[in-house]
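Asks: Need a 3D model of the sequence below.
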Amino acid sequence: MSTFIKLLPLEMADIKTYSEPHQKITPNDNIVGDMSDDLKKLLTITILSGRKFAEMQVERKFGNLENDENWEGKFREAQEKTELLTKIFWVAVRDEFSMWDKGSIGVRKGFKVVWLDESSGSFMDFLNNLLEGN
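Replies: Next up, the predicted model:
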């Protein structure tokens, strides 16, 4: 089993403070419930991973990386882990709230889980909302 999969439950157990979604409830949101502590922990890990990847994107564009021969590998690792954590998070939300029949789902301020009347956008829209606090 990969180190990543083995470490995920340990990382979740270490989370004591949650990263709350900043996006407020909108008229298109249909509230289904509140996130469990496990979902809050998984969201927090996903947000932290997304922030790290966003910082690496800035560093990749503007930083001096000539002396770091492992940079591309680190960048790819951060990108793929962030994408995977995001997918795992949304699968866990759909599972916990039995929302497999809903096209668009989301999480909002106060750790509210919602499904939307309209499409909520792409993976990058999700990351931007998490990182910018929308």
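Asks: host element of the residue positioned nearest the centre of the chain?
Replies: Most central in the chain under CA atoms, centre = their mean is T46, positioned 3.6 Å from the mean C-alpha point. Taking DSSP states H and E as the definition, T46 sits inside helix 37-62.
Asks: got it, and V113?
Replies: strand 112-116.
Asks: This structure: strands as residue ranges?
Replies: Listed in chain order, the strands of the chain (DSSP state E) span 29-34, 105-108, 112-116.
Asks: Quickly run through the sheet partners of the second one, with directions.
Replies: Looking back up the chat, that one is strand 105-108. strand 112-116 (antiparallel) (DSSP bridges).
Asks: Please apply the same query to the first one.
Replies: In the sheet containing strand 29-34, the strands it pairs with under DSSP bridges are strand 112-116 (antiparallel).
Asks: The strand it pairs with versus helix 37-62: what angle between them?
Replies: 70 degrees (axes from the mean of the first three to the mean of the last three CA atoms, to 10 degrees).
Asks: Thanks again, I'm all set now.
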